[in-house]
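Enquirer: Pasting a predicted model and its sequence here:
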2 protein chains.
Amino acid sequence: MFKLSKKADYGLIAMKHLANHRQKHACSASEIAEEYGISSMLMAKVLQKLARQTLVVAKHGSSGGYQLAKEPAKISALEVITAIDGPVLITSCVTNHGNCDATDRCSIKEPLQRVNESILSVLSTVSIAQLSEDKQEPALVELKGIDQLAASR
Amino acid sequence: MFKLSKKADYGLIAMKHLANHRQKHACSASEIAEEYGISSMLMAKVLQKLARQTLVVAKHGSSGGYQLAKEPAKISALEVITAIDGPVLITSCVTNHGNCDATDRCSIKEPLQRVNESILSVLSTVSIAQLSEDKQEPALVELKGIDQLAASR
DNA sequence: TCCATCTAGGACTAATTGGGTCGTAGTCTA
DNA sequence: TAGACTACGACCCAATTAGTCCTAGATGGA
């Protein structure tokens, strides 16, 4: 379809949780998992992936856990998603080995990539800090239709 | 992950094809399938779904086929995608029965829905006619980051 | 120093989804 | 009336994803 994987979901939840508990020294995977009713095993896995991409810092040992590596405002949702699910690609063509087998025929790919870029822009403008805010702007982005683009030229 | 299903891809391809052949009376499923190297069975399925959502009109009988039901400029990519894959929902929460089991706890859902809406906007601004154009605008949409939004207020 | 507690990470299994096929019935036109 | 096409549902197979388990390694505190 067209949705986030659950793991990416969990990743965003975890990042938001960490953002809200920055004063604490570290949050363990099981602590976060318990709070949201997720298997701690799975949450640990997600956090490991985030740690490997240096979005969070792992602290070993007893009373260890995870902390944000950067300020919440400097981490975009896109970073979190790509860290867990890999690069975001709308077109299934490009997923595998650079191009689908019908590159020359599949004429739709090129315009779709521009759509893809637009979505990437949306995701990269959303930061973890914004997810943590309670009240937010009703509109995250302002969209200009083609008509308006044409009219403004 | 985060990509279009192949069927949705095929649907867009078919719509674009139909848009480019409006002068012809009708294009059969197998004709389109052959041109892009897709199974005709599958393409027929996709077109049937599009027909059920009245995006295309099916013409029975010999020398039958499909035609666009509206002008290409009046059909958005979003319509095509939802016709085939169902509603576009980023959050896996809402997919099933209105809400995930941890509605109260999963605090991330609400901000994600606004992201979802942004993506819907992007998709709905892209029309089939635009997919058919050979040369296109480099930017489909103009994006405003939060900073700029804040600054302009 | 030793133990409890945590992360690290790979291997593995279960479950879900999606891609694709087939067969049959219905519908139209030449 | 025959041929060609759509309509639709049932079905199967492959691939991806979700989730579990187990062992090893690191750290801080008693």
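Expert: Happy to help now that I have it.

Enquirer: Tell me the buried residues in the host helix or strand of A:Lys7?
Expert: Following DSSP states H and E, one finds A:Lys7 within helix A:6-20. Of the residues in helix A:6-20, A:7-19 count as buried by neighbour count, 16 or more other CB atoms under 10 Å in any protein chain shown. The way it works is simple: take the backbone N, C-alpha and C, and place the C-beta from them, glycine included.

Enquirer: Report pLDDT for the residue in chain A that DNA strand D sits nearest to.
Expert: Residue of chain A nearest DNA strand D, by CB to the nearest atom of the strand: A:Gly61 (2.5 Å). pLDDT for A:Gly61: 86.

Enquirer: which residues sit against stretch A:78-91?
Expert: Identification of contacts with stretch A:78-91 by CB atoms under 8 Å, 6 or more residues apart in numbering or on different chains yields A:4-5, A:7-8, A:11-12, A:15, A:46, A:49-50, A:52-53, A:55, A:95, A:109, A:112-113, A:115-116, A:119-120, A:123-124, A:126, A:128, B:1-4, B:9.

Enquirer: which of the residues you listed come close to DNA strand C?
Expert: A:Arg52 (CB under 7 Å from any atom of the strand).

Enquirer: Of the contacts of stretch A:78-91, which belong to strands?
Expert: In strands, judged by DSSP state E, none of those are found.

Enquirer: Return the members of the contacts of stretch A:78-91 classed as buried.
Expert: Buried among these by 16+ other CB under 10 Å: A:4, A:7-8, A:11-12, A:15, A:46, A:49-50, A:55, A:109, A:112, A:115-116, A:119-120, A:123-124, A:126, A:128, B:1-4, B:9.

Enquirer: quick one: which of those sit in helices?
Expert: Per DSSP state H, helices hold the following members of the buried ones among the contacts of stretch A:78-91: A:7-8, A:11-12, A:15, A:46, A:49-50, A:109, A:112, A:115-116, A:119-120, A:123-124, A:128, B:9.

Enquirer: so who does A:Met43 touch?
Expert: Listed by CB under 8 Å, 6+ apart, the contact partners of A:Met43 are A:Tyr10, A:Ala14, A:Ala29, A:Ser30, A:Ile32, A:Ala33.

Enquirer: and if we set it to 7 Å?
Expert: Counting by CB atoms under 7 Å, 6 or more residues apart in numbering or on different chains, A:Met43 makes contact with A:Tyr10, A:Ala14, A:Ala29, A:Ile32, A:Ala33.

Enquirer: try A:Thr54
Expert: A:Ala69.

Enquirer: any idea of the pLDDT on it?
Expert: For A:Thr54, the pLDDT comes out at 91.
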